[in-house]
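Trainee: Quick one: sequence plus predicted model below, questions after.
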Amino acid sequence: MKRSRLAIALAIAILLLGAGTVLGQQPPIRIGIVYSFSGAGGTAGKEFNDTVALFQKQHGDTVAGRKIELVERDDGGIAPDNARRLAQELIVSQHVDLLAGLIFTPNAMAVGAVSTQAKIPTFIVNATTSGIMAKNPYMSRYSMTATQVTVPLAQYAYKSGQRTMYVLFLDYGPGIDSGQTFENTFTAAGGKIAGEIRMPVTTEDFSAYIQRVKDAHPDGIYIFLNASGSGTTFLKQAATAGLDKAGIKIFCSGDLLTEQVLPAIGDAAIGVISSMNYSGTHDSKMNRDYVKAFEAQSGGLPPTFGGVGVYDAFTAMYKVIDALHGQLNDPDKVMDVVKTLKFESPRGPIAIDPDTRDIVQNVYIRRTEKKNGQLVDTEIATYPMFKDPSEH
């Protein structure tokens with residue numbers, strides 16, 4: 001009897017010990033990624049993967065005792081139906097706790113509807129059209145808006161002596177936001193718009209548009225092209241057409257002058273004025289360390305604003321997971337933490353606006369220069385902790 005009771009006691013102890021071990025092991029936190037690993041042009045997919053690899057080297061792949069597991073899906077470019085389907089699959093079949101990614105506005109808006117219906121917090125790394133969050137309460141953004149970086153540039157253009165400007169932009173969400181914002185801000189300052197050209201997103205030859213600008217003899221032009229690489233063609237054609245010799249100064253969104261495409265543009269980029277939320281030459285210890293570490297991770301490619309958006313979105317997710325001790329079962333609590341986020345980034349200080357869930361950050365006016373034989377975007381003015389004025 002004593003032996004029997006001892007055997008039973010040992011069996012119960014083993015069972016309890018095993019149960020305790022099982023209970024102490026929490027399942028991984030699954031982050032669903034919907035991103036244009038293909039279809040975005042350039043090295044966007046590689047930069048995403050290099051950025052995440054670097055981030056997890058620095059911060060680990062476990063937060064609050066829970067393993068972080070990424071489930072990646074490629075939406076293939078501007079493809080809202082595909083992005084929506086992939087987000088649904090990640091939620092329903094893969095049971096992800098969070099969503100992240102989204103380069104293009106149409107895809108972000110499509111995923112926003114899924115995020116709202118399923119109450120899945122979603123961390124946008126690009127998608128720069130204003131107002132995306134207004135109808136999607138479980139989204140927050142870690143890039144910028146086109147309006148946010150364009151208002152300071154238009155103000156700077158007038159302040160630096162331009163009085164007439166010709167405006168060219170891609171005819172889709174961020175391009176329309178940028179072009180119209182530049183026009184409204186510049187005219188409000190006292191300037192005059194000499195003309196406007198809306199270009200198809202598939203435009204590859206800009207020579208006819210450039211000639212129309214040259215014939216109008218403005219003081220300068222504002223051009224919005226996204227980071228697809230078409231800016232290389234535009235600036236080379238502008239140089240060939242002699243815009244600079246005609247005294248027409250070029251202002252543009254920083255998408256056109258990313259650190260990775262500057263070598264391909266060459267000297268045609270020298271003197272161009274741009275606005276952006278990040279420059280590889282940003283003078284902070286965190287950025288110098290980030291650039292060095294990223295280039296080591298990427299095999300020599302420099303980081304761009306796109307990678308910084310990914311890096312900061314992961315920083316935000318890790319901070320939220322840690323603040324909630326790994327418990328993400330209440331999406332409203334997740335978003336309550338999101339609204340409090342403030343931290344230092346390689347781009348400088350950033351915060352999430354609790355009213356809009358959009359990013360507040362420095363906007364830098366930059367001039368492209370050649371230093372020590374290398375083209376760089378030098379910060380020449382800062383608009384500190386600037387909000388998207390269209391959302392306030």
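Mentor: Received the coordinates, thanks. Numbers count the residues shown, from 1 in each chain.
Trainee: Tell me how far the helix or strand hosting L153 lies from the chain's centre.
Mentor: Using DSSP states H and E, L153 falls within helix 146-159. Distance, stretch centre to chain centre, for helix 146-159: 19 Å (C-alpha atoms, centre = their mean, to the nearest Å).
Trainee: Let me know the average pLDDT across that helix.
Mentor: Mean per-residue pLDDT for helix 146-159: 96.
Trainee: go on, stretch 205-221?
Mentor: 97.
Trainee: again with stretch 324-331
Mentor: 98.
Trainee: measure it end to end?
Mentor: 11 Å (C-alpha to C-alpha, to the nearest Å).
Trainee: Only the buried residues of that stretch, if you could.
Mentor: 324, 326, 328, 331 (16 or more other C-beta atoms under 10 Å). From N, CA and C alone the C-beta is placed, and that goes for glycine too.
Trainee: Give me the subset of those residues lying in helices.
Mentor: In this view, the buried residues of stretch 324-331 that belong to helices under DSSP state H are P331.
Trainee: which residues sit against the helix or strand that V167 is a member of?
Mentor: Using DSSP H and E, V167 sits within strand 164-170. The contact list for strand 164-170 (C-beta atoms under 8 Å, 6 or more residues apart in numbering) reads 157, 175-176, 178-179, 182-183, 186, 191-201, 203, 209, 213, 216, 218-226, 248, 251.
Trainee: Show the buried residues in the residues you listed.
Mentor: 157, 175-176, 178-179, 182-183, 186, 191, 193-194, 197, 199, 203, 209, 213, 218-226, 248, 251.
Trainee: so what secondary structure elements neighbour the helix or strand just after the strand holding V167?
Mentor: The helix or strand immediately downstream of strand 164-170 is helix 173-189, counting by DSSP H and E. Applying 3 or more C-beta pairs under 8 Å, 6 or more residues apart in numbering; DSSP states H and E, we find helix 173-189 packed against helix 105-118, helix 146-159, strand 164-170, strand 192-199, strand 220-224.
Trainee: would you turn the buried residues of stretch 324-331 into JSON lines with distance to G76?
Mentor: Shown next, in JSON lines, are the buried residues of stretch 324-331 (distance: C-beta to C-beta, whole Å):
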{"residue": "L324", "distance to G76": "33"}
{"residue": "G326", "distance to G76": "33"}
{"residue": "L328", "distance to G76": "28"}
{"residue": "P331", "distance to G76": "28"}
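Trainee: hey, which of the helices and strands packed on helix 173-189 is tucked in deepest?
Mentor: Mean neighbours per residue, mean count of other C-beta atoms under 10 Å, is largest over the helices and strands packed on helix 173-189 for strand 220-224, with a mean of 27.
Trainee: so how far is it from its chain's centroid?
Mentor: Counting by C-alpha atoms, centre = their mean, strand 220-224 comes out at 22 Å from the chain centroid.
Trainee: Would you confirm that G191 contacts Y156?
Mentor: No. At 11.7 Å, G191 does not count as touching Y156 under the criterion of C-beta atoms under 8 Å.
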